[in-house]
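Q: Predicted model and sequence below, questions to follow.
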Amino acid sequence: MEKKSYSDYFGHNGVIVGVLSLFCGFIFTSITILLTALQNKEGPLVQATLLFLALIFYFSLYVLLDNLEMAFHYIEDIPPLTLKVRPFFNLLLIFYFFGTSTVLMFLLFDLFYLAVVSAAIWVVVVAASINSTVRRFYKQSVVRYWPKKKP
């Protein structure tokens, strides 16, 4: 049986992860700059813009995490520690706290309603992430065949 080479896929996936990481950092910085530089943050246009940026940020984090997990399905020989749930769970927590930080920034600048709407959207994104990405990773880590070590 012929082995398939996924090196092109991994190269492409690496570019996607790099671009999404840069994009998430740019959006987060944009939100921070807008919150600190604008005089009147109470206007509906300003809050709609911040909510739109937060939405783009949340969905970018979701796609980034999904792309980080996707490569595990195509690697034949993964070290056992890599597919353990705990290290991936720690990575998830970092992503989820990073997304939660925008909600906390909105609260810090007394934008209560924007923080509530943003938090509700973030909860939906986290639930979707747990339902898809985390479940897929957990299922693969349990089902994955682990060869016995030779003595």
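A: All right, it came through fine.

Q: where along this protein do the helices fall?
A: 7-37, 44-70, 85-108, 112-129, 135-143 (DSSP state H).

Q: With mean neighbour count and mean pLDDT added, can I get these in TSV?
A: To be clear about C-beta, it is placed using only N, CA and C from the backbone, and glycine gets the same treatment. Shown next, in TSV, are those (neighbours: other CB atoms under 10 Å; pLDDT from 0 to 100):
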stretch	mean neighbour count	mean pLDDT
helix 7-37	14	90
helix 44-70	18	92
helix 85-108	16	88
helix 112-129	16	96
helix 135-143	13	76
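
Q: got the contact list for the spatially most central residue of the chain?
A: Per CA atoms, centre = their mean, the C-alpha nearest to the average position across the chain is that of Leu61, at 3.1 Å. Shown in contact with Leu61 (CB atoms under 8 Å, 6 or more residues apart in numbering): Cys24, Phe95, Phe98, Gly99, Val125.

Q: how far away is it from Val124?
A: According to CB to CB, to the nearest Å, Leu61 and Val124 sit 13 Å apart.

Q: Which residue is the nearest non-sequential neighbour of Leu92?
A: Nearest in space to Leu92, with sequence neighbours left out and distances taken as CB to CB, 6 or more residues apart in numbering, is Val134 at 6.5 Å.

Q: do Ser30 as well
A: Per CB to CB, 6+ apart, closest to Ser30 is Leu53, 5.9 Å.

Q: likewise Tyr96?
A: Val126 (5.8 Å).

Q: My guess is the one you found contacts Phe97. True?
A: No. Assessed by CB atoms under 8 Å, Val126 is found out of contact with Phe97, at 10.7 Å.

Q: what residues do these two have in common as contacts?
A: With CB under 8 Å, 6+ apart as the test, Val126 and Phe97 reach no residue in common.
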